[in-house]
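Asks: Build the 3D model from these lines:
(2 chains)
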Amino acid sequence: AQSVAQPEDQVNVAEGNPLTVKCTYSVSGNPYLFWYVQYPNRGLQFLLKYITGDNLVKGSYGFEAEFNKSQTSFHLKKPSALVSDSALYFCAVPTSGTYKYIFGTGTRLKVLA
Amino acid sequence: GEEVAQTPKHLVRGEGQKAKLYCAPIKGHSYVFWYQQVLKNEFKFLISFQNENVFDETGMPKERFSAKCLPNSPCSLEIQATKLEDSAVYFCASSRDRGPGDEQFFGPGTRLTVL
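Replies: Down below sits the predicted model:
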């Protein structure tokens, strides 16, 4: 069965510093991995996805994610955090066959001015 | 349209009352998914459609929940007799094609409060 784990409930980072939000996965077959962001009282916004190819995936708003097969990780990164990046971040993996998402538990990112 | 639309934004119901939520997927998208976001931000899958056909309903509590996607109409999710534990934000998402690599686009959600 597919699953993802986000080991940190909250990540605090100072504005201008690099940020990392962690995600590890367990999938059978080729992994398809997604990152979404949720701002307060809003729906999920797609940030980026890994399908195949380059291990470093670039996405929206300056975010990128690094796929690491040996560590079964897909960590979200940004070189320089903004206060406006403060939000809830979810990684997700589609299930085999029906493609509904299995979500991680979410990580709240707080960027401090 | 270019965004998934959901109505209403907020819905308040007394326990036992009916609740109906609507979703208009992005034009040209064939797949619609419904998710429930409960306390602690946990997402729970409810049901998905391929056009007007149910694709996967393994997450639906069928005794009280029903859903439809009819041609030329918004999709709907109905709870016949709401319970306190149905209080949640309900999200609809759509995707263009069926495939694990196709991202889902989410609507803003409907917050259901059952009193």
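Asks: for residue 89, what are its contacts?
Replies: Using chain A. Contacts for residue A:89 (C-beta atoms under 8 Å, 6 or more residues apart in numbering or on different chains) come out as A:6, A:21, A:35, A:36, A:37, A:38, A:47, A:76, A:106, A:107, A:108, A:109. Bear in mind the C-beta positions are built from the backbone N, C-alpha and C, glycine included.
Asks: nope, chain B please
Replies: Counting by C-beta under 8 Å, 6+ apart, residue B:89 makes contact with B:36, B:37, B:109, B:110, B:111, B:112.
Asks: The last one: which element?
Replies: Same thing as residue B:112. Secondary-structure element containing residue B:112, defined by DSSP states H and E: strand B:110-114.
Asks: got it, and the first one?
Replies: Per DSSP H and E: residue B:36 is located in strand B:31-37.
Asks: surely residue B:9 meets residue B:108?
Replies: Yes - the pair residue B:9 / residue B:108 is scored as a contact, 7.1 Å apart, by C-beta atoms under 8 Å.
Asks: of those two, who's got more company?
Replies: When residue B:9 and residue B:108 are compared for neighbours, residue B:108 comes out ahead with 18 against 10, by other C-beta atoms under 10 Å in any protein chain shown.
Asks: Test my guess that the more buried one contacts residue B:6.
Replies: Yes - shown here, residue B:108 and residue B:6 form a contact pair, counting by C-beta under 8 Å, at 5.8 Å.
Asks: which among the contacts of residue A:89 are in contact with chain B?
Replies: For chain B, the contacts drawn from these by C-beta under 8 Å from any C-beta of the partner chain are A:36, A:38, A:106.
Asks: got those as a markdown table, with neighbour count columns?
Replies: Formatted as a markdown table, these follow (neighbours: other C-beta atoms under 10 Å in any protein chain shown):
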| residue | neighbour count |
| --- | --- |
| A:36 | 26 |
| A:38 | 21 |
| A:106 | 23 |
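Asks: Return the subset of those residues lying in helices.
Replies: When these are checked against helices (DSSP state H), there are no matches.
Asks: pLDDT, distance to chain A and neighbour count for the contacts of residue B:89 - can I get that in CSV?
Replies: As requested, those are exported to CSV (pLDDT from 0 to 100; distance: C-beta to the nearest C-beta, whole Å; neighbours: other C-beta atoms under 10 Å in any protein chain shown):
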residue, pLDDT, distance to chain A, neighbour count
B:36, 97, 11, 20
B:37, 95, 9, 21
B:109, 96, 5, 25
B:110, 97, 10, 22
B:111, 96, 8, 16
B:112, 97, 14, 21
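Asks: what residues does the strand holding residue B:112 touch?
Replies: B:6-15, B:19, B:21, B:79, B:82-90.
Asks: let's see 10 Å
Replies: A:41, B:6-17, B:19-23, B:36-37, B:77, B:79, B:82-92 (C-beta atoms under 10 Å, 6 or more residues apart in numbering or on different chains).
Asks: ok, now stretch A:9-16?
Replies: A:19-22, A:76, A:78-86, A:88-89, A:105-113, B:40-41.
Asks: wait, residue A:88 sits on residue A:109?
Replies: Yes - contact status for residue A:88 versus residue A:109: in contact at 7.6 Å, counting by C-beta atoms under 10 Å.
Asks: of the two, who's got more company?
Replies: Relative neighbour count places residue A:109 above the other of residue A:88 and residue A:109, with 22 against 17, counting by other C-beta under 10 Å.
Asks: For beta bridges, what are the partners of the more buried one?
Replies: When bridges are called by DSSP bridges, residue A:109 pairs up with residue A:11, residue A:87.
Asks: thinking again about what came up before, now, of the contacts of stretch A:9-16, which are buried?
Replies: Buried residues within these, counting neighbours by 16 or more other C-beta atoms under 10 Å in any protein chain shown: A:19, A:21-22, A:76, A:78, A:81, A:85-86, A:88-89, A:105-109, A:111, B:41.
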